[in-house]
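[1] This is a predicted model, with the sequence first.
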Amino acid sequence: MRSSGLAQRWLRRLPSYALLIVCAAILLFPVYVTVVFSLHPLAEFLQEGAPSLWPSWEWNNYFASGEGVSDTPIGRFLFNSLVMAVVITAGQLITATLSAYAFAFLRFPGRNVLFVVFLATMMVPLEVAIIPNFQTIQWLDSQFVQRAWLSWTNIRFIDGYPGLVAPFLATGFGTFLLRQYFLTIPRELLDAAEMDGYGHIRKLMHVILPLGKGALATLAIFAFLQAWNQYLWPLLVTNDPDMRTVQIGIAAEAKDISRINVAFAGTIMAFLPMLLLVVAFQRYLVRGLFGGSVKG
Amino acid sequence: MTAGMPARRLLPRGVREFLTALPFLLPSMLLFGVFVFYPLGKSVYLGFFISNPFRTRQIFVGFDQYRDVLTSSDFISSLLVTATFTLYTVVPAIAIGTFLAVISNQKLPGIVIFRTIFSSTLAASVAISAVLWLVLLHPSIGVLNDGFDAVGLSRVNWLEDGGWAIGERATPWDMFTAWFIDPNWALISVSLATGWMNIGLFTVILLAGLQTIDEELYESARIDGAGRWSEFWHITLPMLSPTLFFASVVGTIFAFQAFGQIQILTQGGPVDASNVLLYSIYTTGFEAPFRVGAASVQALGLFVIMLVLTFGQFRLMSGRVFYR
């Protein structure tokens, strides 16, 4: 009796599952084909007719030296992207924490005006400012090359990490997100910390940050995902293939049919970490999308 | 420290408070100054000048360049292409995203897996998405045309057919009908790669929206004998409308920021069939003859559009924050 009820329930669910599976299959079809293509030898793409939709398990594209990923700079591209994304994420966490602390807990003249100015930066996406920003980076680069008192540092803004990360180290979004969260921290906690003789730095490190972990995680996921997925800016400030990020790298490889198998393998390798990130931290992502107002 | 104390006490309280807050704000303020506010002013300034190809000479032309660029047929055409691109990438993706959100909002064992799959495309970058779609649309190795062959559809020249965007039309009516009967496949191709990414984003947004709808509304509708379809039309859709609006604004902002997928798949071509505004800014300013001034004017045009859109988005966001 019970088992037949169970069977019946599953039978009723069958159409729902069928629909879900069909939708998932259609949506993931481009990913499937790219995975298959990344496991084909190059010859598969040079012959007449369509490449097979079943993998030929050519793992060399990923591993072996000679024509695989490890022999191309894709490993290097991935490393560049990682450095860039980590530095941008760290930078945004630091600048946003500091400014959000000031806006949430300090009282000073012009606070509201300044907060509006910070918010206003959200209305100026990088895309609007690429020309002057590129000129600024070019100028900085020339200073570090020409001036003796700077050139010893070997810092490069064109074809260097500083140029890749500089415009993204502070965001109005991050300040807004963290301030919204900081405001929900009970004042009594801070007053108590103050009574214990905590200064601003100790309050920030020992009271605010431990409580604001969720908001910081949200900002970190956003910053990392956006930085890793950048395209236009890295394209402008890097010429040297060794300094390319993985996004620019796979795009360049994909345009060359004689390296296209490697481009497919690189694409999967660039996609996979972000996929895992999004799957693992989805609830933080949702919270951030709505400016921190949804408790995921 | 002790020497500083009396001096600090001499300062008015406001100044002291400001000096306390300054170290916290300075890093962001400096970065915003250099990379956000200065570029805006600089763009306005650059717009006043035309330069020769080697950038050895700057000629002041004042607002003439603003007038010339903003009224040029190239600018109008890139706006038109961007608007079409927005339509192609937002409307279908929202419809699909709503559908996926609704079917993955059922209470079923393992439904989380499907929610994750449906939102997964938001992890893809424009470059990744472009390569993923290249395997389907590529002129020689793309698999979609082979599928078309198999079911008897005619092959499509995905990346190289500009359709209505190319060639002169005799009358406005011709232009209008061409939009329907002569598809701009190049623009559709970049829209497919973009829309695919948007589906994941919209599914996430709409799932969050669905979870805010009161379960009791459905229960009372069920008591009244409403079917699934009428439930969707009379409860889900109206309750979801703020979220749908939010998603469409986000999608529109993304459409106006689109660059990488176009650079990878079509390079704005054929001719200018997929030359969206940002791509046009890039080619004008960063390719010979490096018309930096003209590109700055286009960028300011983009800025005004983004301003309106972000303002709308911000109103929606703060609405959620303060009214809920």
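    Here it is on my side, so go on. Numbers count the residues shown, from 1 in each chain, chains lettered A, B, ... in the order given.
[2] CA only for contacts and neighbour counts going forward, please
    Noted.
[3] Which parts of the stretch 1-150 of chain B are strands?
    Secondary structure of the stretch 1-150 of chain B (DSSP state E, counting those that start in this stretch): strands at B:49-51, B:58-60.
[4] do the last one and chain A meet at all?
    In this case it means strand B:58-60. No. Contact between strand B:58-60 and chain A is absent, the nearest approach being 15.3 Å (criterion: Cα under 8 Å from any Cα of the partner chain).
[5] give the contact list for the residue lying closest to B:Asp146 once chain neighbours are set aside.
    The shortest distance from B:Asp146 to any non-neighbouring residue, by Cα to Cα, 6 or more residues apart in numbering or on different chains, is to A:Ala50 (7.1 Å). Applying Cα atoms under 8 Å, 6 or more residues apart in numbering or on different chains, one finds that A:Ala50 lies in contact with B:140-143, B:146.
[6] can the residues you listed go into TSV with extra columns for pLDDT and distance to A:Arg283?
    Supplementary listing: the contacts of A:Ala50 in TSV, determined by pLDDT from 0 to 100; distance: Cα to Cα, whole Å:
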residue	pLDDT	distance to A:Arg283
B:Ser140	83	41
B:Ile141	84	38
B:Gly142	86	36
B:Val143	87	35
B:Asp146	86	40
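[7] out of the residues you listed, who's nearest chain A?
    Nearest to chain A, judged by Cα to the nearest Cα, of those is B:Ile141 at 5.7 Å.
[8] The spatially closest residue to that closest one that is not a sequence neighbour: what secondary structure?
    Nearest non-adjacent residue to B:Ile141, counting by Cα to Cα, 6+ apart: A:Ala50, 5.7 Å away. The three-state label given to A:Ala50 by DSSP: H, G, I helix; E, B strand; the rest coil is coil.
[9] just B:Pro289 next, same as before
    Following three-state DSSP, the label given to B:Pro289 is coil.
[10] Look up the pLDDT of it for me, please.
    In the predicted model, B:Pro289 carries a pLDDT score of 84.
[11] Kindly report the same for B:Met317.
    pLDDT, B:Met317: 64.
[12] Tell me, how many residues neighbour the residue of the stretch 51-200 of chain B found nearest chain A?
    Distances between the stretch 51-200 of chain B and chain A by Cα to the nearest Cα are smallest at B:Ser125, namely 4.8 Å. Neighbour count of B:Ser125, defined by other Cα atoms under 10 Å in any protein chain shown: 25.
[13] Backbone dihedrals for it, both of them.
    phi -90, psi 170 (degrees, to the nearest 10).
[14] next one: A:Ser56
    A:Ser56 adopts backbone torsions of phi -100, psi 20, taken as degrees, to the nearest 10.
[15] any low-confidence regions in chain A?
    Within chain A, the stretches with pLDDT under 70 are A:1-3, A:64-72, A:291-296.
[16] ok, and the closest non-adjacent residue to the most centrally placed residue in it?
    Nearest to the mean C-alpha position of chain A, by Cα atoms, centre = their mean, lies A:Leu225 at 1.7 Å. Leaving aside its sequence neighbours, A:Leu225 sits nearest to A:Met274 (Cα to Cα, 6+ apart; 6.7 Å).
[17] which other helices and strands contact whichever strand or helix holds that neighbour?
    A:Met274 belongs to helix A:260-280 when assigned by DSSP states H and E. Under the contact criterion of 3 or more Cα pairs under 8 Å, 6 or more residues apart in numbering or on different chains; DSSP states H and E, helix A:260-280 touches helix A:2-37, helix A:246-254, helix B:126-137.
[18] ok, the residue of the stretch 51-200 of chain B closest to chain A to A:Ala263 distance?
    For B:Ser125, the distance to A:Ala263 equals 15 Å [Cα to Cα, to the nearest Å].
[19] just A:Phe173 next, same as before
    In terms of Cα to Cα, A:Phe173 sits 34 Å off from A:Ala263.
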